[in-house]
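Engineer: curious how this folds, go ahead:
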Amino acid sequence: MLSETRNGEIKINDVTKRFGETAAVSDLNLTIPDKSYCCLLGPSGCGKTTILRMIAGHETPTTGEIRIGGDAVTGLSPVQRGTAMMFQSYALFPHRSVLDNVAFSLKLRGASKDDRHRQARNLLTKVRMERFADRLPAQLSSGQQQRVALARALITNPRVLLLDEPLSALDEYLRLRMRGELRRVQKDLGITFIHVTHTQLEAIAVADLVVVMAQGRIEQAASAREIFTAPRNAYVARFMGGQNVLAGTVESVVDGQAIVAGDDGARLSIAVDKERLVKGSRLVGSIRRDRVSVRKAEGGATPPNEANALLGEVHAIEYQGSHVRLRLNGRLAGSSSPTSSTRTSFATRWISAIGYSRVGRRAMFSSSRACMMGERHP
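Structural biologist: Residues are numbered from 1 along each chain as shown. Predicted structure coming up:
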């Protein structure tokens, strides 16, 4: 029997879900605080929708348990759990008005027409759709249909709302508007939102807690700021974007800086907790793209003496708006200049940076700071 509390805290304890021999989710442990906005983020097939469906009660864990507000909910129906789900397709009834779509769940529960319409109008006001109460879904834009689907999911007064890629069908302009609307509604109602997405910017824009997943496992669960500034491993750094991932062997640690021999023979200087490292250990680090600058190299320039500097020839450019991605041949400082015999050691490396260059031009790249995985960037 569920308690009467409105606590929307989710605890997932040692949960595994198998479909035949395939493990969609493996040994999952996660706590989502009450009244928080959580985003499950990862590529297609990583298990995020499976988690959502297990919380909702549409799938049963193979092993482990799920608790909502302290109550074990395995085996309970979605209604008994106090959850509601907003599906990717919206699934509005085409023959019913906006008002009747929103009120439909209350009709099934036996609420009077006046009562269910009153509650439906209140929710339509919250999502700013009260003017369209008498329209049919076909007379609405995609963004308006999304708001109606949100109001319909909220009409049962759930303590947890589950959203399965709710913005994927919208264009970029509407996504920017609607993610702000979702966050506003969540704050107004004070309930737990769990939002599945594969879009990094969408997750860090709305979430209190971002859960990055890969192959049915959690790679990192933290605030959006921590995920971006202190990725736990190379997968998180690459998936979130904005990072240049580097790897090598530690040569020495001096004043919190590890001197690292890169895999291509280059030398890197990476900020570390020196007590955690010994000479010869493997180190993976990253440099944020906004910490990398690019400038034209003068004729006859040679690789500079400082670490984290690169001289090379630009072979391709991808303009990304706030930054550029450059493919180049070259070597970091501390190794020989590129020649016909050595340039393959650093060939086709992509660097994300702030700056401008041209294809075929020699360019100098430099960064003031690199950090090991899990350490916060300044």
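Engineer: which other helices and strands contact the longest helix seen in the chain?
Structural biologist: Identified as the longest helix of the chain according to DSSP state H is helix 172-189. Helix 172-189 sits against helix 113-126, helix 142-154, strand 192-197, helix 200-206, with contacts defined as 3 or more CB pairs under 8 Å, 6 or more residues apart in numbering; DSSP states H and E. (Glycine included, C-beta is placed from N, CA and C.)
Engineer: and the angle from that helix to helix 142-154?
Structural biologist: Angle between the axes of helix 172-189 and helix 142-154 is 20 degrees (criterion: axes from the mean of the first three to the mean of the last three CA atoms, to 10 degrees).
Engineer: buried set for helix 172-189?
Structural biologist: Within helix 172-189, the residues that qualify as buried are 174-175, 178-179, 181-183, 185-186, 189, counting by 16 or more other CB atoms under 10 Å.
Engineer: could you dump the helices and strands packed on helix 172-189 to a markdown table with mean pLDDT and mean neighbour count?
Structural biologist: Compiled in a markdown table, these are given as follows (pLDDT from 0 to 100; neighbours: other CB atoms under 10 Å):
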| stretch | mean pLDDT | mean neighbour count |
| --- | --- | --- |
| helix 113-126 | 93 | 17 |
| helix 142-154 | 89 | 22 |
| strand 192-197 | 95 | 26 |
| helix 200-206 | 91 | 19 |
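Engineer: if we can go back for a sec, now render the buried residues of helix 172-189 as CSV, adding distance to residue 144 and pLDDT.
Structural biologist: Below are these laid out as CSV (distance: CB to CB, whole Å; pLDDT from 0 to 100):
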residue, distance to residue 144, pLDDT
174, 10, 80
175, 14, 83
178, 10, 85
179, 16, 88
181, 11, 87
182, 14, 89
183, 18, 91
185, 15, 89
186, 19, 92
189, 20, 89
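Engineer: which one of these sits closest to residue 237?
Structural biologist: Residue 237 has its nearest neighbour among the buried residues of helix 172-189 in residue 179, at 23.3 Å by CB to CB.
Engineer: list the contacts for the closest one?
Structural biologist: Counting by CB atoms under 8 Å, 6 or more residues apart in numbering, residue 179 makes contact with 167, 202, 205-206.
Engineer: wait, residue 189 touches residue 157, no?
Structural biologist: No. Applying CB atoms under 8 Å as the test, residue 189 and residue 157 come out as separate, 9.0 Å apart.
Engineer: in the chain, which spans are helices?
Structural biologist: Under DSSP H, the chain gives helices at 48-56, 78-81, 98-108, 113-126, 142-154, 172-189, 200-206, 224-229, 234-240.
Engineer: which stretches of the chain aren't confidently modelled?
Structural biologist: The chain contains residues with pLDDT under 70 at 1-5, 263-266, 273-276, 299-306, 328-378.
Engineer: so what's residue 81 up against?
Structural biologist: Shown in contact with residue 81 (CB under 8 Å, 6+ apart): 2, 55-57, 68, 73, 160.
Engineer: buried subset of these?
Structural biologist: 55-57, 68, 73, 160.
Engineer: and residue 259, how many neighbours?
Structural biologist: Residue 259: 17 surrounding residues under other CB atoms under 10 Å.
Engineer: does it have beta-bridge partners, and which?
Structural biologist: residue 252, residue 269 (DSSP bridges).
Engineer: any idea how far residue 287 is from it?
Structural biologist: From residue 259 across to residue 287, the span is 15 Å (CB to CB, to the nearest Å).
Engineer: cool, and residue 64?
Structural biologist: Distance from residue 64 to residue 287, by CB to CB: 38 Å.
Engineer: with residue 317 instead?
Structural biologist: 19 Å.
Engineer: looking at these two, which is more packed in?
Structural biologist: residue 287 (25 against 16).
Engineer: is that one in contact with residue 242, as I believe?
Structural biologist: No. Using CB under 8 Å, residue 287 is not in contact with residue 242, being 10.1 Å away.
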